[in-house]
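1. Could you work out the structure for the sequence below:
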Amino acid sequence: MSFTNNAQLSEMSKKQSVNKRGQWEVILLNDTHNTFEHVITCLMDICGHNYLQAGQCANIVHTVGQCSVYVDCFDEVSDVRQELYEQGLNVTMQKHKKHEMG
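-> Coordinates of the predicted model:
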């Protein structure tokens, strides 16, 4: 499992403590042990996705390797990341990067 472990996350949090403002995102990473059904259920229950959105995210993760699944403030994103991790999903978090069309 390539999840950012708690020691790494703690160190990352210390370095970024002055930069917790703004939007953060949970990134779901591909793995070989979770079923689509489990991932979809977790995204619906924990992230508030509807079935279609959760299914699309699961498919993106399967084909691309990762997908942003939740965006909010640092504390909320940290909590969601932890809940998804406790359900066996491979997740990390990062400062949200706005994607511009154009």
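
2. contacts, neighbours, all on C-alpha from now
-> Noted.

3. Show me what secondary structure element comes after the helix or strand bottoming out on mean pLDDT in the chain.
-> Lowest on mean pLDDT, DSSP states H and E among the helices and strands of the chain sits helix 6-16, with a mean of 57. Per DSSP states H and E, the first helix or strand lying C-terminal to helix 6-16 is strand 24-29.

4. What helices and strands are in contact with that next one?
-> strand 66-72, helix 74-86, strand 90-95 (3 or more CA pairs under 8 Å, 6 or more residues apart in numbering; DSSP states H and E).

5. Make JSON lines from the ones you listed and add mean neighbour count, mean pLDDT and distance to Asp31 to it.
-> Shown next, in JSON lines, are the helices and strands packed on strand 24-29 (neighbours: other CA atoms under 10 Å; pLDDT from 0 to 100; distance: least, CA to CA, whole Å):
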{"stretch": "strand 66-72", "mean neighbour count": "19", "mean pLDDT": "97", "distance to Asp31": "10"}
{"stretch": "helix 74-86", "mean neighbour count": "18", "mean pLDDT": "97", "distance to Asp31": "12"}
{"stretch": "strand 90-95", "mean neighbour count": "21", "mean pLDDT": "96", "distance to Asp31": "7"}
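
6. of all these, which lies closest to Thr35?
-> strand 90-95 (12.3 Å; CA to CA).

7. how close does the closest residue to Glu25 other than its chain neighbours sit to Gln82?
-> Once flanking residues are discounted, Glu25 sits nearest to Val71: 4.3 Å by CA to CA, 6 or more residues apart in numbering. Here Val71 is placed at a distance of 14 Å from Gln82 (CA to CA, to the nearest Å).

8. if we can go back for a sec, mind giving me CSV with the helices and strands packed on strand 24-29 and columns for distance to Gln56?
-> Converted to CSV, the helices and strands packed on strand 24-29 look like this (distance: least, CA to CA, whole Å):
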stretch, distance to Gln56
strand 66-72, 10
helix 74-86, 17
strand 90-95, 17
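
9. To Asp45, which of the ones you listed lies closest?
-> Of all the helices and strands packed on strand 24-29, helix 74-86 comes closest under CA to CA, at 9.8 Å.
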